[in-house]
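Colleague: need the 3D shape of this:
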Amino acid sequence: MNNDASVSPNRASGGLRVFVLLVLLALLAGLAYGGWRIWQRLETTTQTLEAEDALLQRMTQQLRAQEGESSQLLRRLDDIEALNLRANSSLQQLQAEQEGALKAIATLDATLKGGRARFQLAAVEELLLLAHDRVALAKDAAGAVTALELADARLSAQTDARLLTVREALTAERLALLAASKPDLTGALLTLGGLLDRAASLPLRSRVPNRFDPVPVTVHDAPPLPVDAEWPARLWAGTKAALAAVFRIQRETRPVDRLLPPEQEALIHTLLSLKLEGARLALLRGEATGYRDLIDSALHWLGQYYVENDARVLAAKTELQRLRALELNPALPLPQKALERLRAVSR
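Modeller: Numbers count the residues shown, from 1 in each chain. Alright, predicted model coming up:
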């Protein structure tokens, strides 16, 4: 039992030693592995640091290069800013010059518009004066209406509201002229043409008649002879009765028409035609005084040289008297209100 007891502690101490040795070996192995791992990490870290150091050097070089480029960029930016400042200064100067030019153009445009408007109003005033003169001097309603229409067309292009009253008066005057009575010149000209065509066929007072129509004579009965009258008395009474039946003597109280040769008859017809032609020409020219004088002359000529009671002569006289009453220059309304209003606006 003692031997067993002594063996057991030895075995126990030997096992402990083995165990301790194993533990030491394990620790050494762990330490060796840990050192190897640390060494690997150190190597890796060293390599990484070397790579990072190389990278850092490259980055430093790049940074220096970028710093140089940045300094160049800054200098360029400074130059650009200086250019921008000069450009802004020039631009402001140009803007100031442009504003001055625009103001000058606006002033010039206003001046031109005002001058153009004044010129248009002056032209309208001249047209209104022309219309007034055409009516007052020439009695030309058509020309006055044309002038008023042209004036209204010019005023329609104006924007001044004050000109509306002028256009209103102008329209009223134009309508008044259009409504004025107009003589029938065409009918009068046709009538004078018809009289000219018939002038050569009107009978003259002094023309020898184609046949003689005796006027019945009333023979007054002679006083009866006494029964105891002697033959000489009876012979004288019979002779007187016979002569009274053959000859008739009486006093003529009216003027006797003088017989004319054919060439003078043609002259009378020609002069009547000239008077009628002159009246037609005066009618075309609108000469009222000359027209009436020639009509009166033709009427006097008809009464002096043509058969008074002939139907054709009476018809010609009637037509001439009707034509004489024709009013060539009727009273026309004088256009002046529009002119007065325009002058009031132009002041």
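Colleague: all helices for the stretch 51-200 of the chain, in order.
Modeller: Using DSSP state H, counting those that start in this stretch, the helices found in the stretch 51-200 of the chain span residues 141-156, 163-179, 185-198.
Colleague: so which elements touch the first one?
Modeller: Same thing as helix 141-156. helix 2-136, helix 163-179 (3 or more C-beta pairs under 8 Å, 6 or more residues apart in numbering; DSSP states H and E). Any C-beta I mention is one placed from the backbone N, CA and C, and that applies to glycine too.
Colleague: helices and strands around the last one, which ones?
Modeller: Translated: helix 163-179. Helix 163-179 packs on helix 2-136, helix 141-156, helix 337-346, going by 3+ C-beta pairs under 8 Å, 6+ apart.
Colleague: which of the residues in that helix are buried?
Modeller: Neighbour-count burial for helix 163-179, counted by 16 or more other C-beta atoms under 10 Å, picks out 163, 166, 167, 169, 170, 173, 174, 177.
Colleague: same check on stretch 117-137?
Modeller: For stretch 117-137, burial by neighbour count (16+ other C-beta under 10 Å) applies to 117, 121, 124, 125, 127, 128, 130, 131, 132, 134, 135.
Colleague: ok, of those, which one's closest to residue 88?
Modeller: Nearest to residue 88 among the buried residues of stretch 117-137 is residue 117, at 42.2 Å by C-beta to C-beta.
Colleague: so who does residue 173 touch?
Modeller: Residues counted as contacts of residue 173 (C-beta atoms under 8 Å, 6 or more residues apart in numbering) are 131, 148, 333, 335, 337, 338.
Colleague: report pLDDT for it.
Modeller: pLDDT for residue 173: 91.
Colleague: do the same with residue 126
Modeller: So residue 126 comes in at 90 (pLDDT).
Colleague: for it, give me its contacts.
Modeller: For residue 126, no contacting residues are found, by C-beta under 8 Å, 6+ apart.
Colleague: could you list the low-pLDDT ranges of the stretch 201-347 of the chain?
Modeller: 206-225, 227-229, 231, 242-263 (pLDDT under 70).
Colleague: ranges for the helices of it?
Modeller: Ranges of helices in the stretch 201-347 of the chain, per DSSP H, counting those that start in this stretch, are 231-246, 262-285, 288-305, 311-324, 337-346.
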